[in-house]
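**Q** Fold the following, please.
(one chain, ligands or ions: 2)
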Amino acid sequence: MSKKASIGVTGLAVMGRNLARNLARHGHTVALHNRSAERTRKLVEEFGDEGEFIPAYSAQEFVDALQRPRQIVIMVKAGEPTDAVIEEFAPLLEQGDVLIDAGNAHFADTRRREKALRERGLHFVGSGVSGGEEGALHGPSIMPGGSKASYESLGPLFEDISAKVDGEPCCTHIGADGAGHFVKMVHNGIEYADMQLIAESFDLLRGAAGYAPAEIAEVFKTWNTGRLDSYLIEITSEVLKHVDAGSGKPFVDVVEDAAEQKGTGRWTVQIGLDLGVPISGIAEAVFARSLSGSKPLREAARGLGGPSRAPLNGAALQTFADDVEQALYASKVVAYAQGFNQIQAGAAEYGWDIDLGRVASIWRGGCIIRAKFLNDITSAYAEEPGLPTLLTSGGFRKAVEDAQDSWRSVISTAVRLGIPTPGFSTALAYYDGLRADRLPAALVQGQRDFFGAHTYRRVDRPGSFHTLWATTDRSEIDA
Ligand SMILES: NC(=O)C1=CN([C@@H]2O[C@H](COP(=O)(O)OP(=O)(O)OC[C@H]3O[C@@H](n4cnc5c(N)ncnc54)[C@H](OP(=O)(O)O)[C@@H]3O)[C@@H](O)[C@H]2O)C=CC1
Ligand SMILES: O=C(CO)[C@H](O)[C@H](O)COP(=O)(O)O
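**A** Numbers count the residues shown, from 1 in each chain. Ligands and ions are numbered 1, 2, ... in the order given. Next comes the predicted model:
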């Protein structure tokens, strides 16, 4: 009898191909399948000597190549293509087989698919995979959802191919049904916020302090040796020092300033709104990309008046890079605090038991937001599992309090010079909002009651109340 594969991968584009190679390099026999045969053939041709592959050119051939219970990783475009692939394979599978969607699916789709397949006796695991092309090959961060039973067979294999930090795999069972894709979605939202904050730091160092991109690359390189040490800071330095071969200009000056997005950031914000979680850092990052891409609008607004830009000088210039580092760090803490609160809210809403410290821990390696900083988040949740916000945890609290003056001063400079910093500004507004004794929301409640009898609660006694605004004495009644 011919050898069977321990796992199969269908969808052999950038991610699937490298995930299959990673599995094979770790000694697993991998069955291969792709809608169009060419990708399967190419993989075997180019990388066949990296391990044991069993190429299959039909769904039935693919399913037959797998040992039972079958484990099939689907790595295709999210949405309809994923449903199409599930519908192609599910009828060929048997009780206990596992289908794993490792693409960037919406967690609500994953919940729907998990339920439907469970009713057909199949396991369905929605798994976040982060790290891009390189991560998929050398060790991604993996965020599987689905049943505990499915993780018993799948977990060891995924842990094996995941990134490792301090000997620990960057993979853990996140929670039931869509939990893995939910956490991956928030990961991507945080990725958007982090990238926006880094981009604003660049814009400030250039626009306010007059640094050239190559000089800013050096600033980022230095930051990468400290508390901001992260993959995103590292690659930012690389991008900024790159010079366009054709024009001799900094690469960053020849790229169109319109940031694109595939949708996971937008989903994060939509779900944040549904759950009522203020994830303003992620939202501003999504809106900043939208604004950058609004070409006709920007064209129409070009030339609108603003302040004259007298760049910084003297003492302010001397300390500016350090001030921006402080503002970036504090804003980043806020963005991550908001993201983790969103995961907490999602877990409460959908009944997932998500260990936030473990999530931070598996993001320390393999993924796009991997950073030294995540060690501190892991410790914060280890010290206080029920932590309401990262901002009140010892180390972060002190760092953000210490960053106060610089943070405020950087935003003031940005406002004075007309440099847009939506990420920095919303982070500070959130921080000030959280720590406020009283918010003007009391007035909003009064307005709502005035125009719509929407009622309000009082600070001095329980119950709901309505003021009879149309009467002359404006007496108050119980609502
Ligand atoms: N690229 C990245 O950095 C990352 C991507 N992801 C996610 O991983 C998944 C795969 O991404 P990536 O490798 O970039 O590939 P793409 O998202 O570009 O998808 C291409 C693959 O999908 C297959 N496909 C498309 N439509 C169908 C269909 N109707 N039926 C069957 N197969 C179909 C293609 O087959 P064919 O060759 O026949 O066209 C091909 O194998 C996506 O969900 C993506 O969001 C996650 C993390 C990072
Ligand atoms: O999933 C990812 C990383 O984990 C992708 O890099 C991410 O989808 C990129 O998103 P966008 O194209 O919207 O910037």
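
**Q** Around ligand 1, pick out the residues from the chain.
**A** When proximity is defined by Cβ under 6 Å from any ligand atom, the chain lies next to ligand 1 at 11-16, 34-36, 39, 75-78, 81, 84-85, 103-104, 129-130, 132-133. In short, each C-beta sits where N, CA and C put it, glycine included.

**Q** Within reach of ligand 2, which of the residues you listed are there?
**A** Restricting the residues of the chain next to ligand 1 to those touching ligand 2 (Cβ under 6 Å from any ligand atom) yields 104, 130, 132.

**Q** do the lengthiest helix in the chain and ligand 2 meet at all?
**A** Among the elements of type helix in the chain, defined by DSSP state H, the one spanning the most residues is helix 314-350. No. Applying Cβ under 6 Å from any ligand atom, one finds that helix 314-350 is not in contact with ligand 2, the shortest distance being 13.5 Å.

**Q** Where does Ala176 sit: helix, strand or coil?
**A** coil (DSSP: H, G, I helix; E, B strand; the rest coil).

**Q** Pull the number of nearby residues for the closest residue to ligand 1 within the stretch 251-400 of the chain.
**A** Ranking the residues of the stretch 251-400 of the chain by distance to ligand 1 (Cβ to the nearest ligand atom) places Lys262 first, at 6.5 Å. Around Lys262 there are 11 other residues, counting by other Cβ atoms under 10 Å.

**Q** Ligand 2 contacts on the stretch 101-250 of the chain?
**A** Applying the criterion Cβ under 6 Å from any ligand atom, the portion of the stretch 101-250 of the chain that neighbours ligand 2 consists of 104, 130, 132, 188.

**Q** From these, which land in strands?
**A** Among those, the subset assigned to strands under DSSP state E consists of Ser130.

**Q** Can I get the residues of the stretch 101-250 of the chain next to ligand 2 in CSV including neighbour count?
**A** Below are these laid out as CSV (neighbours: other Cβ atoms under 10 Å):
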residue, neighbour count
Asn104, 21
Ser130, 25
Gly132, 16
Asn188, 26
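
**Q** Closest one of the residues of the stretch 101-250 of the chain next to ligand 2 to ligand 2?
**A** Checking those against ligand 2 by Cβ to the nearest ligand atom gives Ser130 as the nearest, at 3.5 Å.

**Q** Leu66 and Gln60 touch, don't they?
**A** No. In this structure, Leu66 is not within contact of Gln60 by Cβ atoms under 8 Å, at 11.3 Å.

**Q** The two: which has the busier surroundings?
**A** Each of Leu66 and Gln60 had its neighbours counted (other Cβ under 10 Å), and the higher figure belongs to Leu66 (22 against 11).

**Q** For the more buried one, give the beta-bridge partners.
**A** For Leu66, the beta-bridge partners under DSSP bridges are Ala5.

**Q** hang on, the earlier thing: export the residues of the stretch 101-250 of the chain next to ligand 2 as a markdown table, with columns for pLDDT.
**A** Listed next are these as a markdown table, based on pLDDT from 0 to 100:
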| residue | pLDDT |
| --- | --- |
| Asn104 | 94 |
| Ser130 | 96 |
| Gly132 | 93 |
| Asn188 | 98 |
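
**Q** There's contact between Ala403 and Lys332 in this structure, I believe.
**A** No. The pair Ala403 and Lys332 does not pass the contact test of Cβ under 8 Å, sitting 10.3 Å apart.

**Q** okay, those two: which has more neighbours?
**A** Per other Cβ under 10 Å, whichever of Ala403 and Lys332 has more neighbours is Lys332, with 26 against 22.

**Q** quick one: Met143 is in a strand?
**A** Yes. According to three-state DSSP, Met143 belongs to a strand.

**Q** Torsion angles phi and psi at the nearest residue to it once chain neighbours are set aside?
**A** In this structure, Met143 finds its nearest non-sequential neighbour in Gly128, 3.4 Å apart by Cβ to Cβ, 6 or more residues apart in numbering. Backbone geometry at Gly128, expressed as degrees, to the nearest 10, gives phi -70, psi 140.

**Q** correct me, but Gly128 touches Val186?
**A** No. With contacts counted by Cβ under 8 Å, Gly128 stays clear of Val186, the gap being 9.4 Å.

**Q** Which secondary structure element is home to Arg474?
**A** Arg474 is located outside every helix and strand, with elements delineated by DSSP states H and E.

**Q** Relative to ligand 2, how far out is it?
**A** 52 Å (Cβ to the nearest ligand atom, to the nearest Å).

**Q** can you count the residues close to that residue?
**A** Applying the criterion other Cβ under 10 Å, we find 10 residues in the vicinity of Arg474.

**Q** Now the stretch 351-479 of the chain against ligand 2: closest residue?
**A** Using Cβ to the nearest ligand atom, Ile368 is the residue of the stretch 351-479 of the chain that sits closest to ligand 2, at 4.6 Å.

**Q** Now intersect the residues of the chain next to ligand 1 with the helices, please.
**A** Residues from the residues of the chain next to ligand 1 lying in helices, with DSSP H as the criterion: 14-16, 39, 81, 84-85, 132-133.

**Q** of these, buried ones?
**A** For these, a neighbour count by 16 or more other Cβ atoms under 10 Å gives the buried set as 15-16, 39, 85, 132.

**Q** looking at it, Leu99 is touching Ser127, isn't it?
**A** No. Assessed by Cβ under 8 Å, Leu99 is found out of contact with Ser127, at 10.7 Å.
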